[in-house]
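S.K.: Provided below for reference: sequence and predicted model.
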Amino acid sequence: MKRALIWAACLLALFSSTALAGDFLSASGKLDLRGVVPLKNSDTETEYPSLLGRLKVDTLPSNWHFHMWLEGGWDGTVALPAEDHAVFKAFDKVYQSITPFLEFKEAYGSYANDSLDLRVGIQRFSWGRLDEYPINDLLNPWDYSQFIRKPLEDRKIGVPSVSFRFNKNDWNAELVWVPILVPYRLPLYTERWTVFPQLLSLSKELEDKEKVTADILLREPELPPNTLANGSTGLRIQNLGVIDWGITLFHGYDLRPIFKTKEASFYYKSGEVIVDPGLAPDFHKMSSFGFDFAFVKGDWSFRAEAAYAVGRYFNTQYKFWGYPTTPELGQFELNPNQHQSDSVAYGVGFDHRLFEDCILIMQVQGTVILDRPDTLYDRKAETTIWAHLRNNFMNHKVQTDLSVAYNPEHSDTMAKAEIWYVFTDSLKVGITGVTFDGPPQSLFGRHSHNDQVEMNIVYAW
Amino acid sequence: MTKLRIIFSVLAVFLLMSPLAYAISGREVFEKVQALRNKKLDQKAEATMVLFDKGGGKRTRTLSMYGKDAAPEAYKVLIVFNSPPDLKDVGFLIHAHSAADRDLWAYFPEFKRIRRIPTASQDDSFFGSDFSYDDFSGPPDLNEYVYKIIREDEVIDNRPCYVIEVTPKKPRKYSKYIIWVAKNIWVPTKIEYYREKELYRAGAFKDIQTIDGIPTPFMYEMENLKTRHRTVLTIQSISYTTKYPDSLFTQRSLERGAK
């Protein structure tokens, strides 16, 4: 009943915002119908059709301003029946099995004058220069429920925060305080985009061996208490000129997924095997000092960023975690699987216009772990190369995108091809094919069973 | 023999006189056009851009344009799209240090990121339209072109015009363009772009009204003659009495859609 009331209130808000648009508000929205056809691997979990909606509402421009970006709908990546019956996505859970759902991607009030901007509420920030995995973009956690099938900005989870921005001519300074730790979101082990296909395989082996169904137990992280000391803070200073440059300082929780092992146990309960992998997401504080710059030269637009991170944690290789090689019932003490080290992350990228309406976007990025034991999965220097070719035809009625990513250290790859046709200002249709390959713990290899073709119909107003 | 001498003499005088046949040179016409453009640097305009397919389909974009005379540097321009939904709040910022030296940035709210744009893409389509980025980028550097008046007193929309051939000194997407400039008011009324001898893009600038003492076309049409795609940009409102602060032409303003 409560759920129905909340949905009714949301629909009422939707219609009233549309009705008020023009007088007090501006409103825009989008509906995205998405269907997926898995390719080579029929043994992966089902992804159902999705219908996702987006509503953005802004008060008309003045010194005081309110902005809201609400998303919601039926998420086909959620395993059915959904385990969680909440309406809104939570700010304190990693695993959220909710469909239909609602989520405030952004909702903030702001005061601005000629040079100052104060914002309070749920915000997303975009710091740094790179298109994928921007090194200095450390304030927002990501939603990994479709891995990087979602564009970077759609992956970001808005965080309750206070931001203060000062602008004078070509100088810009932004100070952000995020008072609570909002964790990243991961798909359930049983969902199509799980980041631990190894655990799904282990569970299936136990099912085959014991001839009963198996259920994998999820462990939420132990989040730190919401105290002032547990917030995250970032400062960014930028200058716009012949060379745009910026420096970024960050101290707070590292929002890149890291896991902590305890004790695994596989046991019978109510006629099924319970697989407790003894594994939970984990969060540690770190400090990061970064800089970035961008400039153009002829047909080329260059950008780069780097950061020195103090006390970042890394996971060891899965094979050292201590899971039994042959699945059997019992309890297994797992090995510590984390290592702390300073690291340097860097990345360079460029856009090059090949010909009219055709742009090649390249990015090379890497991480150097300064104190690396041999047990780490990450190599001393990790590199990822991204190439993206974007082409527009027929006065932008047709857009094609071809993206390739490659990590030479683990030989894992991703390739994606997209074509969109714009029927009208409001309606467009796209078909996307994506394929992954590589070892199970690698960035792309963990999704090597997720090759798929999907179709999207997008209506925007 | 005498007849021949007379004919040669007349021809020689005609040939010698021909460069002086026009009271003004092509370059001088363009200096006057440029002087008028410089008066338009301070401006605020609301415009609608309609893209027409060969098959009759149309797409509409609305945009706000802000300009500032940034002496001793050249000028600053901020363009923000208000619709369609895909382009809403996409912005485009130019800081021109001189007519030949411009810094360009684009803001895409989808990525929440500002991107530097190479000036080499100045002849590319402006967001799918038949206009180019250059058409929105303020006055050009006159020294980058060679001008030649090829006809005089050609009438467009009841206005006598100079017809001038303009050839870029550096390679561009076009090898030359021919432009019709209305006499006395120094406003272009028609333009044709050529690749070698092939005419591939043509435009007309109509409905000239005087705003704040400055003659201004309110309708700009541009057609790609190869694809038969056509764009009509209509000025809804325009003012040249604005004196915007520098803070309107910053990264922050670009990200906020000039709000």
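M.R.: Arrived safely, thanks for sending.
S.K.: make it CA atoms for all contacts and neighbour counts henceforth
M.R.: Will do.
S.K.: show the contacting residues for residue 74.
M.R.: With no chain named, the answer covers chain A. A:50, A:51, A:52, A:99, A:100, A:101 (Cα atoms under 8 Å, 6 or more residues apart in numbering or on different chains).
S.K.: chain B was what I was after
M.R.: So residue B:74 contacts B:96, B:97, B:98, B:99 (Cα under 8 Å, 6+ apart).
S.K.: in JSON lines, list the residues you listed along with neighbour count, secondary structure and distance to chain A.
M.R.: Shown next, in JSON lines, are these (neighbours: other Cα atoms under 10 Å in any protein chain shown; DSSP: H, G, I helix; E, B strand; the rest coil; distance: Cα to the nearest Cα, whole Å):
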{"residue": "B:96", "neighbour count": "21", "secondary structure": "strand", "distance to chain A": "11"}
{"residue": "B:97", "neighbour count": "16", "secondary structure": "strand", "distance to chain A": "10"}
{"residue": "B:98", "neighbour count": "16", "secondary structure": "strand", "distance to chain A": "13"}
{"residue": "B:99", "neighbour count": "17", "secondary structure": "coil", "distance to chain A": "16"}
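S.K.: tell me how many other residues crowd the one residue in the stretch 301-450 of chain A that gets nearest to chain B.
M.R.: Closest contact between the stretch 301-450 of chain A and chain B, by Cα to the nearest Cα, is at residue A:395 (4.2 Å). The tally of other residues near residue A:395 (other Cα atoms under 10 Å in any protein chain shown) stands at 20.
S.K.: quick one, phi/psi of the residue of the stretch 1-150 of chain B found nearest chain A?
M.R.: Nearest to chain A, among the residues of the stretch 1-150 of chain B, is residue B:128, at 4.2 Å (Cα to the nearest Cα). Backbone torsions of residue B:128, given as degrees, to the nearest 10, read phi 80, psi 0.
S.K.: what sits against the closest residue to residue B:159 other than its chain neighbours?
M.R.: Once flanking residues are discounted, residue B:159 sits nearest to residue B:182: 6.0 Å by Cα to Cα, 6 or more residues apart in numbering or on different chains. Residues in contact with residue B:182 (Cα under 8 Å, 6+ apart) are B:156, B:159, B:160, B:161, B:162, B:188, B:189.
S.K.: and the last one, what element?
M.R.: Translated: residue B:189. Following DSSP states H and E, one finds residue B:189 within strand B:187-195.
S.K.: re earlier: from the contacts of residue B:182, which would you call buried?
M.R.: B:160, B:161, B:162, B:188, B:189 (16 or more other Cα atoms under 10 Å in any protein chain shown).
S.K.: using the three-state scheme, assign the residue nearest to the last one when sequence neighbours are not counted.
M.R.: Counting by Cα to Cα, 6+ apart, residue B:205 is the residue found nearest to residue B:189 once chain neighbours are left out, at 4.6 Å. For residue B:205, the assignment made with DSSP: H, G, I helix; E, B strand; the rest coil gives strand.
S.K.: what's near enough to touch residue B:205?
M.R.: Applying Cα under 8 Å, 6+ apart to residue B:205 gives the contacts B:188, B:189, B:190, B:217, B:218, B:219, B:220, B:221.
S.K.: can you say which helix or strand has residue B:30 in it?
M.R.: Assigned by DSSP H and E, residue B:30 belongs to helix B:26-39.
S.K.: next, the angle from that helix to strand B:187-195.
M.R.: 120 degrees (axes from the mean of the first three to the mean of the last three Cα atoms, to 10 degrees).
S.K.: list the buried residues of helix B:26-39.
M.R.: So helix B:26-39, judged by 16+ other Cα under 10 Å, has buried residues B:26, B:27, B:29, B:30, B:33, B:34, B:36, B:37, B:38.
S.K.: around chain B, which positions in the stretch 151-300 of chain A sit nearby?
M.R.: Taking Cα under 8 Å from any Cα of the partner chain as the contact definition, the stretch 151-300 of chain A meets chain B at A:152-153, A:167-170, A:172, A:240-242, A:294-300.
S.K.: let's see which of those end up in helices.
M.R.: Secondary structure defined by DSSP state H assigns A:152, A:153 of these to helices.
S.K.: in PyMOL, how would I select just the buried ones from the residues of the stretch 151-300 of chain A next to chain B?
M.R.: Restricted to buried positions by 16+ other Cα under 10 Å, the PyMOL selection for those reads:
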select buried, chain A and resi 152+153+167+169+170+172+240+294+295+296+299+300
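S.K.: which SS state does residue B:247 fall under?
M.R.: Quick answer, by three-state DSSP: residue B:247 is helix.
S.K.: quick one: it from residue B:112, how far?
M.R.: Separation of residue B:247 from residue B:112 (Cα to Cα, to the nearest Å): 20 Å.
S.K.: quick check: beta-bridge partners of residue 95?
M.R.: Just going to use chain A. residue A:186 (DSSP bridges).
S.K.: that's the wrong chain, I meant chain B
M.R.: Under DSSP bridges, the residues paired with residue B:95 across the bridge are residue B:76, residue B:103.
S.K.: need the contact list for it.
M.R.: Neighbouring residues of residue B:95 by Cα under 8 Å, 6+ apart: B:75, B:76, B:77, B:102, B:103, B:104.
S.K.: burial of the fifth one, as a residue count?
M.R.: Right, residue B:103. Count around residue B:103 with other Cα under 10 Å applied: 20.
S.K.: my guess is it meets residue B:122, correct?
M.R.: No - under the contact definition of Cα atoms under 8 Å, residue B:103 does not touch residue B:122, with a separation of 11.6 Å.
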